[in-house]
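A.B. asks: Predicted structure and sequence below. I'll ask about it afterward.
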Amino acid sequence: MCEIEWKMNFIEELKWRGLLYDMIPGTEQYLLENKARGYIGFDPTAPSLGIGNLVQIICLMHFQRAGHTPVAVVGGATGMIGDPSGKSAERNLLDEEELRFNEARVKEQLARFLDFDAGSNSAILVNNYDWFKDISLLHFLRDIGKHLTVSYMMAKDSVKSRLESGLSYTEFSYQLLQAFDFLHLYTQIDCRLQMGGSDQWGNLTSGVELIRRKTGGQAFAVTTPLVTKSDGTKFGKTESGNIYLSPGLTSPYKFYQFWLNVSDEDAVKFIRIFTFLSREEIESLGAEHAGRPHLRILQKKLAEEVTVMVHGREAYEKAVKASQILFGKSSTEELQALSEKELLEVFEGVPRHEVSRSELEAGIPVLDFLSEKTGILPSKSEARRLVQSGGLQINKVRITDIRHMVTTGSLLRGRYLLVQRGKKNYHLVMAV
RNA sequence: GGGGAGAUACCGAAGCGGUCAAACGGGGCAGACUGUAAAUCUGUUGGCUUAGCCUUCGUAGGUUCGAAUCCUGCUCUCCCCA
């Protein structure tokens, strides 16, 4: 996957990409002088990592490209506790079954991004449950808890900010668990660096501190900035929810569209963060984009790079094709020309609905079709409004008459109807 | 424990006996413009068999020809005093 480019300056790389927020003094020098091991933890709080986690994954990838050994830690143990960092309220615990399920999914995903066959700096993937499961509470308190004081732990932002609103002993202890992870990796595999998002600073330094007090050794930490959007809304979420890396939760098409729709301002920033393009390539793309912004060169390249990295070239190409059909000035004829297979591919991930073929043969009034028959809209009033405002298209034909009848005559491939609500919302209705 | 204020549609907030499906703002949805952008402009935003009808203003009752508006009980929230 990547040649060892020993001596490439990892920290320098993070800096120009806008991926460096803070680090412990001496980190850069340590990384220049040593072939290091560095880790990032991922708690399996959802059945898939989201694009918020992508920054951390990319960080590990850069780390590996710089010739170091990346260590990905799945938080099978820490996920049971819940990290209070960046959270304003106590969270509900995941039940264990769910956690183990998520853990397996997250593990599979992480494995896809790292190179486990890179010789001396092959990636390492571990689960902290493996070293936590056999530790008894008494030993943990004696061996670990003794080294950090309550006042030290209370000084962390993640704790301080929660003293008013409430923080359970469980979440309070989280930093101790994470610190122990670091200590464990430090002593077992000489891993001296931990990376993470800027909200993790407190947890990372707890680990560094624990290592220093317990072993007298020096460990390092690097944080990446929180990715923000220029309009102030939260990165990684859309109206329809989180953007996940798993194709089952966020289709490659939606994933591709997410990046394609990034604003100009964000595209400039994101292309440095989320792609591995060189500085020269990015600068030239930026200049090209500035000259002809309407072509959205940056967004297209960004969407291509990230989609290919996460879902593969083939899925990317399908997403592009689907986008062309959905957003191009495609007509009914072009839709008719698609084979059933292509049709299903293009509309993979688009909500599907079923409608009875016999009723369709008799003809269904559009309003009933949109509301009670398919559930695309919750009420007939809404269906009426949509049609009257001109926002409805069936098979790319705009329907404006509320008395319109939907019949089998308009089925694509004898089975499908493409219902479009507004510009971006598609539904595939199948006659059954 | 005592005193006061309040609960209105997705959110904020007017309304204080009929003209209220309920002003206004935000948000949402749609249209125009555009680059599948931003900004802007327009329409729309309880349901239905839609020039009409039905159900909504914390909740349960009551007064009245008629209630979001008046009265009573209940629930919850906020403020002040102890």
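C.D. replies: Nice, I can see it. Numbers count the residues shown, from 1 in each chain, chains lettered A, B, ... in the order given.
A.B. asks: Can you get me the centre-to-centre distance for stretch A:350-358 and its chain?
C.D. replies: Remark: stretch A:350-358 is offset 31 Å from the chain centroid, using C-alpha atoms, centre = their mean, to the nearest Å.
A.B. asks: neighbours of the residue nearest to A:Ala66 when sequence neighbours are not counted, just the number please.
C.D. replies: Once flanking residues are discounted, A:Ala66 sits nearest to A:Phe10: 3.8 Å by C-beta to C-beta, 6 or more residues apart in numbering. For every residue, glycine as well, the C-beta is placed using N, CA and C. Neighbourhood size, A:Phe10 [other C-beta atoms under 10 Å]: 25.
A.B. asks: and what of A:Val406?
C.D. replies: Residues near A:Val406, counting by other C-beta under 10 Å, number 25.
A.B. asks: Could you do the one 10 residues further on as well?
C.D. replies: Neighbouring residues of A:Tyr416 were enumerated by other C-beta under 10 Å; the total is 21.
A.B. asks: my guess is it contacts A:Met430, does it?
C.D. replies: Yes - A:Tyr416 lies in contact with A:Met430 (C-beta atoms under 8 Å); the separation is 5.8 Å.
A.B. asks: And the residue in chain A sticking out farthest from the centre, how close does it get to A:Ala46?
C.D. replies: Relative to the mean C-alpha coordinate of chain A, counting by C-alpha atoms, centre = their mean, the farthest residue is A:Ala362 (45.6 Å). Shown here: A:Ala362 relative to A:Ala46, a distance of 45 Å by C-beta to C-beta, to the nearest Å.
A.B. asks: Chain neighbours aside, what residue packs nearest to the residue of chain A found nearest RNA strand B?
C.D. replies: Going by C-beta to the nearest atom of the strand, RNA strand B is nearest to A:Gly422 of chain A, at 2.2 Å. Closest residue to A:Gly422 apart from its sequence neighbours, by C-beta to C-beta, 6+ apart: A:Gly391 at 4.9 Å.
A.B. asks: shouldn't the one you found be in contact with A:Lys424?
C.D. replies: No - at 10.9 Å, A:Gly391 and A:Lys424 do not qualify as touching, with contact defined as C-beta under 8 Å.
A.B. asks: Phi first, then psi, for the residue positioned nearest the centre of chain A.
C.D. replies: Centroid-nearest residue in chain A: A:Ile51, 1.7 Å away (criterion: C-alpha atoms, centre = their mean). Main-chain dihedrals, A:Ile51, degrees, to the nearest 10: phi -70, psi -10.
A.B. asks: longest helix anywhere in chain A?
C.D. replies: When chain A is parsed with DSSP state H, its longest helix is helix A:96-113.
A.B. asks: Who has more neighbours out of A:Gly391 and A:Lys424?
C.D. replies: Under the criterion of other C-beta under 10 Å, the comparison of A:Gly391 against A:Lys424 puts A:Gly391 first, with 16 against 10.
A.B. asks: where in chain A is pLDDT low?
C.D. replies: Residues of chain A that meet the criterion pLDDT under 70 lie in A:1-7, A:87-92, A:164-165, A:232-233, A:237-241, A:329-330.
A.B. asks: my read: A:Pro252 touches A:Val320, true?
C.D. replies: No - using C-beta under 8 Å, A:Pro252 is not in contact with A:Val320, being 10.1 Å away.
A.B. asks: When those two are compared, which one has more neighbours?
C.D. replies: Set side by side, A:Pro252 and A:Val320 show more neighbours around A:Pro252, with 22 against 17, by other C-beta under 10 Å.
A.B. asks: in a strand, that's where A:Leu125 is, yeah?
C.D. replies: Yes - membership of A:Leu125 in a strand is supported by DSSP: H, G, I helix; E, B strand; the rest coil.
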